[in-house]
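**Student:** show me how the following folds:
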Amino acid sequence: MDNVQPKIKHRPFCFSVKGHVKMLRLALTVTSMTFFIIAQAPEPYIVITGFEVTVILFFILLYILRLDRLMKWLFWPLLDIINSLVTTVFMLIVSVLALIPETTPLTVGGGVFALVTAVCCLADGALIYRKLLFNPSGPYQKKPVHENKEVL
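**Tutor:** The predicted structure follows:
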C-alpha cells in the first residue's frame, strides 16, 4: 500500500484571529472616516483614515487570496508589522487632534473610533510579531523523538 500523507489543512484567513482583528480594524477605521466625512472635519483626518482603509483592504485581500504564499520574494509579515505601527502613530495623532479642540460631536466620535483603531492596530502588530517569534519559518511539523538520535 502506498503511504499517502494527509495534506495539511490551512485555516481560512477570515476565520483566524488575525483575520478577525484585521476585519475589526477595517470596520473601526471606516466608521471613523464616516464620522469625519459627515462632520466635515479637516481634510487630513479624512485623507489619513481613507488611506488606512485602502491599505487594510489591500492586506485583507492579500491574505484572503493567499498571495503572500505566492509572492515569497517579499516578507509580508514584516510589512504588516510596519504598517500596524505606522497606522498606530497616525491614528493616535488624528484622534488626539480630533479630541482636543471643542468640535462637533461627530468629530469627537470619529476621534474616539480612531483611538480605538490605534489600540486595535497595536493588537494586530503584537499578534503578527508573536507569530513571527514562535513560528518564523512556517508551520512547524513535530518529529518523533527517536528520529532525532544520531547514529555513531
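
**Student:** only C-alpha atoms for contact and neighbour calcs from this point on.
**Tutor:** OK.

**Student:** CA atoms only for stretch 99-109, dumped as PDB, please.
**Tutor:** What follows is stretch 99-109, C-alpha atoms only, in PDB (Å, rounded to 0.1, in the frame of the first residue of the first chain):
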ATOM      1  CA  LEU A  99     -10.500  65.200  20.600                       C
ATOM      2  CA  ILE A 100      -8.600  68.200  21.900                       C
ATOM      3  CA  PRO A 101     -10.400  71.200  20.400                       C
ATOM      4  CA  GLU A 102     -14.100  71.900  21.100                       C
ATOM      5  CA  THR A 103     -15.700  70.500  18.000                       C
ATOM      6  CA  THR A 104     -18.900  68.800  16.800                       C
ATOM      7  CA  PRO A 105     -20.000  65.500  18.500                       C
ATOM      8  CA  LEU A 106     -19.400  63.700  15.200                       C
ATOM      9  CA  THR A 107     -15.800  64.800  15.100                       C
ATOM     10  CA  VAL A 108     -15.400  63.600  18.700                       C
ATOM     11  CA  GLY A 109     -17.000  60.300  17.700                       C
END
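
**Student:** pLDDT of it, averaged?
**Tutor:** Per-region confidence: stretch 99-109 scores 86 on mean pLDDT.

**Student:** residues of it that come out buried?
**Tutor:** 99, 106-109 (16 or more other C-alpha atoms under 10 Å).

**Student:** residues in contact with stretch 68-84?
**Tutor:** Stretch 68-84 is contacted from outside by 59, 62, 121-122, 124-125, 128-129, 132, using C-alpha atoms under 8 Å, 6 or more residues apart in numbering.

**Student:** ok, which pair from those is furthest apart?
**Tutor:** Among those, the pair separated by the greatest distance (C-alpha to C-alpha) is L62 and L122, at 20.1 Å.

**Student:** about what we covered before: now, which of the contacts of stretch 68-84 lie within strands?
**Tutor:** Among those, no residue falls in strands (DSSP state E).

**Student:** from K131, how far out is the nearest residue to A123 once chain neighbours are set aside?
**Tutor:** The shortest distance from A123 to any non-neighbouring residue, by C-alpha to C-alpha, 6 or more residues apart in numbering, is to V21 (7.7 Å). According to C-alpha to C-alpha, to the nearest Å, V21 stands 14 Å off from K131.
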